[in-house]
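Asks: structure for the following, please:
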Amino acid sequence: MKLAALQSASLVRRLVILAAGWSLTVLLISAVVLSLLFQQAALRRFDQGLAELIDNLLAGATVDATGQVLAPALTDLRALRAYSGRYWQVVEPLPNGQWRIIVRSRSLWDAELAAPEDLVARLEAEPGQPVTYETAGPLDQPLRARASRATLPGREAPLIFMAAEDRSPIDRDVRGFITATALAFLLLGIGLVGAVVFQVRFGLRPLFALRREVAAVRRGKAERIAGAYPVELEPLAEELNALVSHNQEVVERQRTHVGNLAHALKTPLSVMLTEARQTWGPLSDIVEQQAEVMRQQVDHHLRRARAAARTPGRGERTDVAEVIDELARTLSRIFQDKGVDIDWDCDEDLVFQGERQDLLEIVGNAMENAAQWCRGRVRVRATPLSAERLRVTIDDDGPGLPPERRPEVLRRGARLDESAPGSGLGLSIIDELARAYGGDLRLDAAKLGGLSVVLDLPRAET
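Replies: Numbering: from 1, shown residues only. Here you go, the predicted model:
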């Protein structure tokens, strides 16, 4: 699940997570290894000091004529001060695995160095090899001890020489080293993560630039990708340009076919209408009526085909305010006998991402429908919804439309008033053209009392 989430993440996040994760893992392992190496080096130096103390005991200890072991005259002042943290003692192993203290440092006072129960056995198992172990001192301080088995001249029975020292200073040094190392590696890790983020962002900058150019082509602000890119991205830019060119060629061919079809169909229909109007009679009336319906149907489907053949990213940009102003003046003249008052308002720099003719048909049909059914007032408002969408709202003060009947008028050929002229394609044309541009049409109740037609359409960047 986590792997799938990483694969679906952005390229920048994926590279940063992988590089930062690997770097932090290496840093963590390095910090642990360095801390362990420092601890081992400190313990080796510590053990070397204990070994030197035992060697001095061996070199200075003597046996008198009575067989008594005499301690050497060591100059280590710590071994002379009680409970100083540096101790030594010489013991004689007993047959039962225990031992008897023969001589000890003054720093032990009346205490003795504790040792593992199997110390004697371990020393006897490996003659000549010292044994190092951890124990507790007279004041319960942690001690690191070393024991060695040896025989003194003049004495046949072997002796065990034991030396120990408080390891608290070493533990403090190790903790200090670990803290300093952790802080240093933490700062290094933060610096590495920052460097990784910068490197990824800088390294992928051409890819971001390519994305911006592609977006500019899609929004109609550019026709081709013209930037210079690294050798890895140059083939991709060329393929995208080839794809854009191919799409433009396909669209132009579709437009040519649509124009040819319009010419091929409209001419015979015009001839039929002309002949029907010149000949009076029931048959001519039927022919004229049906030919007019056929022409409207042809116009409707040609508009659909033309809109479907376009893409909003081919550089088509239409000023919304100019179109609404033109439609308002035209419809005011058409419906001047009715006295229709068309009030419109449009935000500045509002641009439709599409062709002017399509916006004229989309908004024009909605405004004409409102002017036809209103009592005298039509209000048009065009506002931005986002950087990529705009909204045109056409309200009228007519009789309105019940909510349960609104879906009917969006069906092709549906007419709520059969006595009114028309083919029933007005709102259907608006809906289909809007959808061809990725837009949407919604019918609602207007504040003026009639019907409100709400159009959401693609918006071009200014």
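
Asks: C-alpha only now, for contacts and for neighbours.
Replies: Will do.

Asks: secondary structure element holding Leu390?
Replies: strand 389-396 (DSSP states H and E).

Asks: what score does Asp325 have for pLDDT?
Replies: pLDDT recorded at Asp325 is 91.

Asks: likewise for Val258?
Replies: 68.

Asks: ok, Pro153 touching Asp64?
Replies: No. Counting by CA atoms under 8 Å, Pro153 sits too far from Asp64 to count as a contact (10.1 Å).

Asks: tell me how far Arg78 lies from Ile430.
Replies: Arg78 is 102 Å from Ile430, where distance means CA to CA, to the nearest Å.

Asks: what of Gln98?
Replies: Separation of Gln98 from Ile430 (CA to CA): 106 Å.

Asks: same drill for those two, tell me which one is more crowded.
Replies: Ile430 (24 against 14; other CA atoms under 10 Å).

Asks: and that one, what element?
Replies: Secondary structure assigned from DSSP H and E places Ile430 in helix 426-436.

Asks: which elements pack onto the strand holding Leu390?
Replies: helix 356-373, strand 377-384, strand 451-458 (3 or more CA pairs under 8 Å, 6 or more residues apart in numbering; DSSP states H and E).

Asks: please identify the most buried of the ones you listed.
Replies: Greatest average neighbour count among these goes to strand 451-458 (a mean of 23), per mean count of other CA atoms under 10 Å.

Asks: per-residue pLDDT, His301?
Replies: On the pLDDT scale, His301 gets 62.

Asks: how far does stretch 116-132 stretch from start to finish?
Replies: 10 Å.

Asks: got the CA coordinates for stretch 244-251 in PDB?
Replies: C-alpha atoms of stretch 244-251 as PDB (Å, rounded to 0.1, in the frame of the first residue of the first chain):
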ATOM      1  CA  VAL A 244      -0.400  19.400 -31.700                       C
ATOM      2  CA  SER A 245       0.200  19.800 -35.500                       C
ATOM      3  CA  HIS A 246      -1.600  16.500 -36.200                       C
ATOM      4  CA  ASN A 247      -4.600  17.500 -34.100                       C
ATOM      5  CA  GLN A 248      -4.700  20.900 -35.900                       C
ATOM      6  CA  GLU A 249      -4.700  19.100 -39.200                       C
ATOM      7  CA  VAL A 250      -7.500  16.800 -38.100                       C
ATOM      8  CA  VAL A 251      -9.600  19.700 -36.900                       C
END
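
Asks: and stretch 126-138, what's its mean pLDDT?
Replies: On average, stretch 126-138 scores 89.

Asks: check which residues of it are buried.
Replies: Residues 130-132, 135-138 are the ones in stretch 126-138 that count as buried (16 or more other CA atoms under 10 Å).

Asks: quick one, helices of the chain?
Replies: 2-8, 11-60, 119-125, 168-203, 205-218, 234-278, 282-309, 320-334, 356-373, 406-409, 426-436 (DSSP state H).

Asks: quick revisit: need the helices and strands packed on strand 389-396 in CSV (columns: mean pLDDT and distance to Glu408).
Replies: Listed next are these as CSV, based on pLDDT from 0 to 100; distance: least, CA to CA, whole Å:
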stretch, mean pLDDT, distance to Glu408
helix 356-373, 88, 15
strand 377-384, 92, 22
strand 451-458, 91, 14
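
Asks: TSV for those, including distance to His257?
Replies: Rendered in TSV, the data for the helices and strands packed on strand 389-396 read as follows (distance: least, CA to CA, whole Å):
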stretch	distance to His257
helix 356-373	18
strand 377-384	34
strand 451-458	26
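
Asks: got a pLDDT number for the residue lying farthest from the centre of the chain?
Replies: Largest separation from the mean C-alpha position in the chain: Ala65, at 87.4 Å (CA atoms, centre = their mean). pLDDT recorded at Ala65 is 73.

Asks: got it, and Pro403?
Replies: 83.

Asks: could you do Tyr229 as well?
Replies: 81.

Asks: same check on Leu385?
Replies: Leu385 carries a pLDDT score of 88 in this model.

Asks: that one is in contact with Val392, isn't it?
Replies: No. Using CA under 8 Å, Leu385 is not in contact with Val392, being 9.9 Å away.

Asks: more crowded one of those two?
Replies: Neighbours were tallied for Leu385 and for Val392 using other CA under 10 Å; the higher tally belongs to Val392 (22 against 14).

Asks: mind listing the residues bridging to the more buried one?
Replies: Ala382, Leu455 (DSSP bridges).

Asks: that one contacts Asp456, doesn't it?
Replies: Yes. Val392 lies in contact with Asp456 (CA under 8 Å); the separation is 6.6 Å.

Asks: what about the residue farthest from the centre of the chain, distance to Gly154?
Replies: 8 Å.

Asks: ok so, going back, of the helices of the chain, which approaches Ala145 most closely?
Replies: helix 11-60 (7.4 Å; CA to CA).

Asks: how far off helix 168-203 does the closest one point, in degrees?
Replies: Here helix 11-60 runs at an angle of 160 degrees relative to helix 168-203 (axes from the mean of the first three to the mean of the last three CA atoms, to 10 degrees).

Asks: for helix 11-60, packing partners?
Replies: For helix 11-60, the packing partners by 3+ CA pairs under 8 Å, 6+ apart are strand 142-150, strand 159-166, helix 168-203.

Asks: can you do 6 Å?
Replies: On a contact count with 3 or more CA pairs under 6 Å, 6 or more residues apart in numbering; DSSP states H and E, helix 11-60 meets helix 168-203.

Asks: and the helix it packs on, which residues are buried?
Replies: 174, 177-178, 181-182, 185-186, 189, 192-193, 196-197, 200-201.

Asks: sorry, back to before: pLDDT (mean, whole number) over the strand holding Leu390?
Replies: 92.

Asks: okay, Ala145: pLDDT?
Replies: 92.

Asks: also the one 5 residues further on?
Replies: According to the per-residue confidence, Ala150 scores 88 in pLDDT.

Asks: go on, Ser30?
Replies: pLDDT, Ser30: 92.
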